[in-house]
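A.B. asks: this one's structure only:
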């Protein structure tokens, strides 16, 4: 039986530190902004209503300003029932360098990339929003697309390194 590998400090694992910061920010965003309307009324806070009102006024995002399409509501439900628990798990897992991180973050990265990209495609199809408004919304959704893609690729390469045998140089 092999002993567990010693884990390097989170401060020396820059990509994991980036993911840790993301998840720390992502959890309140889920509960205070994105999924707030799906929460039971007693869990919806005054702060959440104020943040959402500010967001709607500032960005004029149709997903929040109007009744969202059913697929967007499903994406928000995925945030509540998948992103939130995974994000809560990921914080200590990243700190401990849990060996299951690449598996879970691969799924998360792919899901975040695909759903955020779908939202951006829809945003750019809106005929009733200006290019300036669409760019503003893109500045919010775009980082989720980029981080999702980066995270998924990073995890693919981490898993590849663990699963494939090392090649010997001739």
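C.D. replies: Okay, I see it. None of the values given here were measured: they were computed from a predicted structure.

A.B. asks: where does pLDDT dip in this protein?
C.D. replies: 1-6, 168-170 (pLDDT under 70).

A.B. asks: all strands in it, in order from the N-terminus.
C.D. replies: Using DSSP state E, the chain contains no strands.

A.B. asks: tell me, what residue is most central in it?
C.D. replies: In the chain, the residue lying closest to the centroid (Cα atoms, centre = their mean) is residue 112, at 5.1 Å.

A.B. asks: so what's the nearest residue to residue 8 once chain neighbours are set aside up against?
C.D. replies: Closest residue to residue 8 apart from its sequence neighbours, by Cβ to Cβ, 6 or more residues apart in numbering: residue 97 at 6.7 Å. C-beta here means a position set from N, CA and C on the backbone, and glycine is covered the same way. Listed by Cβ atoms under 8 Å, 6 or more residues apart in numbering, the contact set of residue 97 reads 7-8, 10, 13, 16.

A.B. asks: so which of those wins on neighbours?
C.D. replies: Using other Cβ atoms under 10 Å as the neighbour criterion, residue 16 leads the contacts of residue 97 with 22 neighbours.

A.B. asks: against residue 123, how distant is the residue nearest to that one when sequence neighbours are not counted?
C.D. replies: Spatial nearest neighbour of residue 16, excluding adjacent residues (Cβ to Cβ, 6+ apart): residue 94 at 5.0 Å. Distance of residue 94 to residue 123, given as Cβ to Cβ, to the nearest Å: 30 Å.

A.B. asks: neighbour-wise, which of these two wins?
C.D. replies: Applying other Cβ under 10 Å to residue 94 and residue 123 shows that residue 94 carries more neighbours, namely 23 against 20.

A.B. asks: was I right about the more buried one contacting residue 20?
C.D. replies: Yes: if you go by Cβ atoms under 8 Å, residue 94 and residue 20 touch, sitting 4.6 Å apart.

A.B. asks: list the residues that contact both of those two?
C.D. replies: Common neighbours of residue 94 and residue 20 (Cβ under 8 Å, 6+ apart) are residue 10.

A.B. asks: just to revisit the earlier point, measure the residue nearest to residue 16 to residue 151 for me?
C.D. replies: Applying Cβ to Cβ to residue 94 and residue 151 gives a distance of 12 Å.

A.B. asks: between these two, what contacts are shared?
C.D. replies: By Cβ under 8 Å, 6+ apart, the residues touching both residue 94 and residue 151 are residue 19.
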